[in-house]
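[1] need a 3D model of the following:
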Amino acid sequence: MASQKSIAVATAREPKRERGMQRVAAILDAGAAVFAEKGYDAATMTEVAARSNTAIGSLYRFFPTKEVLADVLLTRYGERIHASLDAITADAAGLDAAGLADRLVDLMSTLRSDRAAAIALMDARGDADGRRSRLRADMRASLVGILAVAGKVPPAQGARVAATLLSQMRSVGPLIDEEAAGLPGLLNELRTMLQCYLAHVFGTAGAKRKP
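    Down below sits the predicted model:
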């Protein structure tokens, strides 16, 4: 993510006042929605401006090109993922299986739009596999640390559990879509499934550590 951030900072204008910060946040939220819906190639800066209620001139003042906007969105997604996992890490000692399951589902639900936009951007631009691999590796490492604190899960087992959790966390977005299409309760089913799995993992890890 560091390489993405260096590109974005070098070419995007950073707002100095609160009003400008709010405007940039609105543009980024609109950009994430447009890229997620239409993909990188079909999305236009005009549509982002309209979606964010921003004059086109103001949009280009902060983000001179569509590529710059995409770079900043990718950077923001990575930063939000890391910040969310850091927050869970800070609370890990007080989390049981149900609490951790809820936090992981909530994380992916909150960042659903950002993730959809990031996937669309990575698919349309170079080094998609490399970007994904780096992000997944960082997320796995964070989850291994969380599991070690919350459930005393040893690193080798934690790596397997983290990979399993990530595969299930990716299903949050599609499940939300299914709920919107008329099949309610799916996220609660996922929470229950993850809770049962984590309870088993924590119990197994605890049993292995007993003398």
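[2] only C-alpha atoms from now on, for both contacts and neighbour counts.
    OK.
[3] show me the contacts for the closest residue to Y40 other than its chain neighbours.
    Leaving aside its chain neighbours, Y40 sits nearest to L121 (5.7 Å; criterion: Cα to Cα, 6 or more residues apart in numbering). Contacts here follow Cα atoms under 8 Å, 6 or more residues apart in numbering; on that basis L121 touches 35, 39-40, 70, 74.
[4] now, which of those residues lie within helices?
    Within those, residues falling in helices by DSSP state H are 35, 39-40, 70, 74.
[5] quick check: the two most widely separated of those residues?
    G39 and L74 (13.6 Å; Cα to Cα).
[6] which one's more surrounded, those two?
    Remark: of G39 and L74, L74 carries more neighbours, 24 against 21, as counted by other Cα atoms under 10 Å.
[7] quickly note the distance from the more buried one to A162.
    23 Å (Cα to Cα, to the nearest Å).
[8] now swap in V144 and tell me
    Going from V144 to A162 by Cα to Cα gives 6 Å.
[9] next one: A26
    33 Å.
[10] who has more neighbours out of those two?
    Remark: of A26 and A162, A162 carries more neighbours, 21 against 18, as counted by other Cα under 10 Å.
[11] nearest residue to L194 other than its sequence neighbours?
    Using Cα to Cα, 6+ apart, the closest residue to L194 is A101 (5.5 Å).
[12] helices and strands around the helix or strand hosting S142, which ones?
    Here S142, judged by DSSP states H and E, is contained in helix 128-151. Contacts defined by 3 or more Cα pairs under 8 Å, 6 or more residues apart in numbering; DSSP states H and E place helix 128-151 against helix 66-91, helix 112-124, helix 155-169, helix 186-209.
[13] return the most buried member of those helices.
    For those, the largest average neighbour count (mean count of other Cα atoms under 10 Å) is found in helix 112-124, namely a mean of 21.
[14] was I right to think M45 contacts E67?
    No: using Cα atoms under 8 Å, M45 is not in contact with E67, being 10.2 Å away.
[15] so where's this protein shaky on pLDDT?
    For the chain, the stretches with pLDDT under 70 are 1-11, 127-128, 206-211.
[16] can we see that at 80?
    Counting by pLDDT under 80, the chain shows low-confidence ranges at 1-16, 125-129, 206-211.
[17] pull the residues that contact stretch 134-146.
    1, 78, 81-82, 85-86, 88-89, 92, 155, 158-159, 161-163, 166.
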